[in-house]
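A.B. asks: Sequence and predicted structure are below.
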Amino acid sequence: IRISAFNAQFERLILSRFFPELAEESLLEPSRFRCTQVEAYHLGFSGTLDDCLHQADLPAAKQENGRALIQKFCMPQPKNRKVRRWRAKDAPEDWAQFTEYCKTDVYVECMLHDYCNRVMGELDEPDWEMYALDQEINDRGLPVDLDLVYKAEQAREDEKPLLVEWLREFTGLENPGSRAQFLGWWNENQPELKVENLRKETVAAMLENLPAGNIYRDAILTYQQVARTSNSKWATIKKSASLADEWGWVRGCFQMRGASRTGRWAGRRLQPQNLATPTKGIDVDESIALIKAGIVNITDNVMDQLASSVRGAICAPPGKQLVVADWSSIEARLAAWVTDCQLMLKVFKKDLDIYQSLAVSIFGKPYDQITKAERNHAKPAALGCQYMLSGYGLMKYAK
């Protein structure tokens with residue numbers, strides 16, 4: 001028997017939780033499941049079940065209050081509510097709507113499954129073997145150092161209010177961490193340095209025109225610390241981690257075929273494919289040791305120190321080792337092979353770095369004089385052109 005569902009991981013884990021005898025008899029192995037979400041993503045669709053139905057031009061046929069019913073019957077209510085857990089007997093009319101919602105959900109999932117199989121045929125067995133492996137990886141999870149996570153998150157909670165308060169007093173803004181509010185304030189107070197956005201590269205250009213000690217320079221640097229999203233990962237890890245042998249594990253961090261149209265895996269929860277690159281000058285091992293010792297002031301920028309250390313949260317349990325493997329320039333190699341681009345293929349045949357080779361053209365320097373920073377500048381341009389970056393996009397990147 002094959003069990004099919006949209007985001008089948010949910011069904012598999014729920015069944016394993018409430019029918020452990022089935023799991024013990026290996027009747028709920030990932031290999032028995034077929035995920036309609038993976039099938040839909042294989043066609044280039046993305047998002048939720050409703051999103052995929054809409055993209056396939058299929059009727060969603062879902063109740064508008066479906067989400068509210070899920071929250072009512074499937075989640076504990078706040079402590080100040082009279083009813084902490086809604087049961088069928090507590091709200092029979094809502095329960096009747098909820099059961100109809102569940103039936104409709106199954107109906108539209110079947111409809112999407114049939115559509116995918118009609119359009120592209122059933123996925124090959126190797127695809128489902130890959131899915132089973134994906135599920136095994138997600139079930140195992142990523143090991144995390146909870147001692148570091150708790151102390152880093154506490155440091156963030158202590159530091160951020162101080163930064164927000166200073167920025168609020170200086171700018172007069174109600175929410176100085178708001179991108180829109182701060183951008184408006186900046187352009188009003190610094191019309192000669194007016195900008196369209198507050199992206200990292202834009203701010204870097206702004207800082208070049210502001211000398212050290214300038215109060216507006218301090219303001220933009222403080223805003224960067226407040227708005228730095230990479231530090232929110234500490235809270236995400238703390239919220240997501242489950243305990244095992246006094247160590248933490250964060251599961252469900254990858255979505256098979258989640259990167260729309262490219263077929264790549266997408267990151268979920270702590271987004272392990274998008275961890276902040278440590279700031280130059282910060283010794284990450286030293287920084288982690290100091291955070292665990294309760295010391296977070298080795299630089300003037302505490303948020304920078306915390307963000308630079310977030311990679312250290314993923315850490316092997318005592319007595320174990322993390323083995324890291326990666327394919328060298330895999331996207332560029334495949335693009336060169338599929339398109340038969342002789343220029344790129346010659347670079348690989350000479351065993352040269354493709355991004356460093358592009359940097360030679362961009363910066364007009366010999367190959368062996370290209371710096372790591374210059375190579376990193378060339379990489380997004382090379383990959384962007386492979387994935388249909390427009391001429392306008394390339395011009396914006398060059399600027």
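C.D. replies: Nice, thanks for sending it over. Numbers count the residues shown, from 1 in each chain.
A.B. asks: CA atoms only for stretch 103-110 - export them in CSV, please.
C.D. replies: What follows is stretch 103-110, C-alpha atoms only, in CSV (Å, rounded to 0.1, in the frame of the first residue of the first chain):
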residue,chain,number,x,y,z
LYS,A,103,-12.7,15.6,3.8
THR,A,104,-12.4,18.4,1.3
ASP,A,105,-8.7,18.6,2.0
VAL,A,106,-8.3,15.0,1.0
TYR,A,107,-10.4,15.5,-2.1
VAL,A,108,-8.3,18.4,-3.4
GLU,A,109,-5.0,16.5,-2.6
CYS,A,110,-6.2,13.6,-4.7
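A.B. asks: quick one: buried residues of that stretch?
C.D. replies: Going by neighbour count (16 or more other Cβ atoms under 10 Å), the buried part of stretch 103-110 is D105, V108, E109. All C-beta atoms are positioned from the backbone trio N, CA, C, and that covers glycine.
A.B. asks: One more: stretch 221-229?
C.D. replies: Buried residues in stretch 221-229, defined by neighbour count with 16+ other Cβ under 10 Å: L221, T222, Y223, Q224, Q225, V226, A227, R228.
A.B. asks: Need those residues in CSV (columns: secondary structure).
C.D. replies: CSV is the format used below for these (DSSP: H, G, I helix; E, B strand; the rest coil):
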residue, secondary structure
L221, helix
T222, helix
Y223, helix
Q224, helix
Q225, helix
V226, helix
A227, helix
R228, coil
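A.B. asks: Let me know the closest of these to I137.
C.D. replies: Using Cβ to Cβ, R228 is the member of the buried residues of stretch 221-229 that lies nearest I137, at 28.9 Å.
A.B. asks: got the phi/psi numbers for that closest one?
C.D. replies: Reported as degrees, to the nearest 10, the phi and psi values for R228 are phi -70, psi 110.
A.B. asks: so who does it touch?
C.D. replies: With contacts defined as Cβ atoms under 8 Å, 6 or more residues apart in numbering, R228 is in contact with M303, D304, A307.
A.B. asks: how close does the last one sit to W247?
C.D. replies: This means A307. Using Cβ to Cβ, to the nearest Å, we find A307 at a distance of 23 Å from W247.
A.B. asks: before we move on, what about K292?
C.D. replies: Spatial separation of K292 from W247 under the definition Cβ to Cβ is 15 Å.
A.B. asks: Now do the helix of greatest length in the chain: distance to the chain's middle.
C.D. replies: For the chain, the helix with the greatest residue count under DSSP state H is helix 92-120. For helix 92-120, the distance between its averaged C-alpha position and the chain's averaged C-alpha position is 28 Å (Cα atoms, centre = their mean, to the nearest Å).
A.B. asks: per-residue pLDDT, G252?
C.D. replies: pLDDT for G252: 93.
A.B. asks: In three-state terms, label it for me.
C.D. replies: For G252, the secondary structure call by three-state DSSP comes out as coil.
A.B. asks: Equivalent analysis for L207, please.
C.D. replies: Using three-state DSSP, the secondary structure recorded for L207 is helix.
A.B. asks: Please tell me I have it right and it contacts A219.
C.D. replies: No: between L207 and A219 there is no contact under Cβ atoms under 8 Å: 11.2 Å.
A.B. asks: I'd like the buried residues of stretch 103-110 laid out as JSON lines, including distance to A5 and pLDDT.
C.D. replies: Written out in JSON lines, the entries for the buried residues of stretch 103-110 read as follows (distance: Cβ to Cβ, whole Å; pLDDT from 0 to 100):
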{"residue": "D105", "distance to A5": "10", "pLDDT": "89"}
{"residue": "V108", "distance to A5": "12", "pLDDT": "93"}
{"residue": "E109", "distance to A5": "6", "pLDDT": "94"}
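A.B. asks: can you redo these as a markdown table with distance to H377?
C.D. replies: What follows is the buried residues of stretch 103-110, written out as a markdown table (distance: Cβ to Cβ, whole Å):
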| residue | distance to H377 |
| --- | --- |
| D105 | 47 |
| V108 | 46 |
| E109 | 45 |
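A.B. asks: which among the residues you listed gets closest to E174?
C.D. replies: Checking those against E174 by Cβ to Cβ gives D105 as the nearest, at 41.1 Å.
A.B. asks: chain center to the secondary structure element (helix or strand) that I137 belongs to: distance?
C.D. replies: Assigning secondary structure by DSSP states H and E places I137 in helix 125-140. For helix 125-140, the gap between its own C-alpha mean and the chain's C-alpha mean amounts to 20 Å (Cα atoms, centre = their mean).
A.B. asks: Just the buried residues of it, please?
C.D. replies: Buried positions in helix 125-140, judged by neighbour count with 16+ other Cβ under 10 Å: W128, Y131, D134, Q135, I137, N138.
A.B. asks: next SSE after that helix?
C.D. replies: Criterion used, DSSP H and E; the element after helix 125-140 is strand 142-144.
A.B. asks: Helix or strand: which one has the residue of the chain positioned farthest from its centre?
C.D. replies: Relative to the average C-alpha location in the chain, and by Cα atoms, centre = their mean, no residue lies farther out than K89, which sits at 40.0 Å. Per DSSP H and E: K89 is located in neither a helix nor a strand.
A.B. asks: Can you read off the pLDDT for it?
C.D. replies: We have a pLDDT of 94 for K89.
A.B. asks: Roughly how far does it sit from V83?
C.D. replies: Taking Cβ to Cβ as the criterion, K89 is separated from V83 by 11 Å.
A.B. asks: Now that we're looking at I298, what pLDDT does it have?
C.D. replies: According to the per-residue confidence, I298 scores 57 in pLDDT.
A.B. asks: for V226, same thing?
C.D. replies: Confidence per residue is given as pLDDT, and for V226 that number is 89.
A.B. asks: who's in contact with it?
C.D. replies: V226 makes contacts with K160, L163, V164, L167, P176, G177, M303, as judged by Cβ under 8 Å, 6+ apart.
A.B. asks: so what's it closest to, chain neighbours aside?
C.D. replies: Nearest non-adjacent residue to V226, counting by Cβ to Cβ, 6 or more residues apart in numbering: G177, 4.4 Å away.
A.B. asks: For the one you found, give me its contacts.
C.D. replies: Contacts were defined as Cβ under 8 Å, 6+ apart; by that measure G177 touches V164, L167, Y223, V226, A227.
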